[in-house]
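Colleague: fold the following.
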Amino acid sequence: MEKNRMLVLLKLTLAPLLVAFATIVARRWGPKIGGIVVGLPLSTGPIFLFLAVDQGLGFADRACVGILLGLIGLAGFALTYTVASRYAGWSFSIIASAVTFFVVSAITSRLMLGGVVGAGLGAYTALLLAASLIRRPRLGARRPGSPWWDIWFRMTAAAALTLAITTAAERLGPTHSGIVGTYPVVTTVIMTFTHRQFGREVAIAMLRGTVLSWIGFVSCFVVIGLTIKPYGLGPSLGLGALATVVTTLSVLWIDRLTASRMRETPQI
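Modeller: Now for the predicted structure:
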């Protein structure tokens, strides 16, 4: 009972707080940095911890594969939103992206990807491809301010969506729980509000930063999946967090170095 209360509290507070933090960061340092914050596994990680404690390490080990398969779906989510938003508004774009996420994840879950390593390699490949295809938007003039209720409304939307997604995930097996639990709740909320208020270019700048951050997300759950059984839950989570930081910093450094070359690559 106590675990259930803690999990519900986590669902109702963590994602909204992350939405608020990412919104403030984006307004202070720009949409790309805000997107990087959104892409960190700050909501999936704690939910994964509670599921691991409740269901056991075997469940958690298999859930890592589902999370990595879900990250392949996230590459489809990002590319779909980028393409759809060129021809339609934010509402159609986010619906199309959500459908793509679940379709791609369902397809990859039926493929033999070799467990954590195979699923991780697939996720790395898909997200690197997505990052290379999504162009760096040309941001325009200074963005207008937002009403006082904006952040509170975003937080409420994030709490509701998180509760719905995680409740569905708990009713599934470990692999499908990992996939559903990877759905980008915070990204969905941030993207829709950003696109509606500030336009496509700002939204895509944030989305590209999020895709770069998701590459670190892959490292996190590859490391956890490989270490959770031999070393236990606590050390594996610590190693996963370290892998996330190292990978994210490396990706950002490489992205900056290759900025001029990527402008010559066809992007969408």
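
Colleague: show me where the stretch 1-150 of the chain has its helices.
Modeller: In the stretch 1-150 of the chain, the segments counted as helices under DSSP state H, counting those that start in this stretch are 2-29, 31-39, 44-55, 57-84, 90-109, 115-133, 150-170.

Colleague: out of those helices, nearest to residue 180?
Modeller: helix 150-170 (4.1 Å; CB to CB). Just so you know, the C-beta spots here come from the backbone N, C-alpha and C atoms, and that holds for glycine as well.

Colleague: give the rounded mean pLDDT of that closest one.
Modeller: Taken as a whole, helix 150-170 has a mean pLDDT of 69.

Colleague: buried residues, stretch 79-96. List them.
Modeller: Neighbour counts over stretch 79-96 (16 or more other CB atoms under 10 Å) mark 79, 80, 81, 82, 83, 84, 85, 90, 93, 94, 96 as buried.

Colleague: mind listing residues that contact it?
Modeller: Contacting residues not belonging to stretch 79-96 are listed as 97, 99-100, 130, 133-134, 188, 191-192, 195-196, 200, 203-204, 207, 268 [CB atoms under 8 Å, 6 or more residues apart in numbering].

Colleague: residue contacts, the residue nearest to residue 66 when sequence neighbours are not counted?
Modeller: Of all residues not flanking residue 66 in the chain, residue 178 sits nearest, at 2.2 Å (CB to CB, 6 or more residues apart in numbering). Counting by CB under 8 Å, 6+ apart, residue 178 touches 62, 63, 64, 65, 66, 67, 68, 69, 70, 169.

Colleague: please repeat the previous calculation with a cut-off of 6 Å.
Modeller: 63, 66, 67 (CB atoms under 6 Å, 6 or more residues apart in numbering).

Colleague: now do residue 179
Modeller: Listed by CB under 6 Å, 6+ apart, the contact partners of residue 179 are 66, 69, 70, 105.
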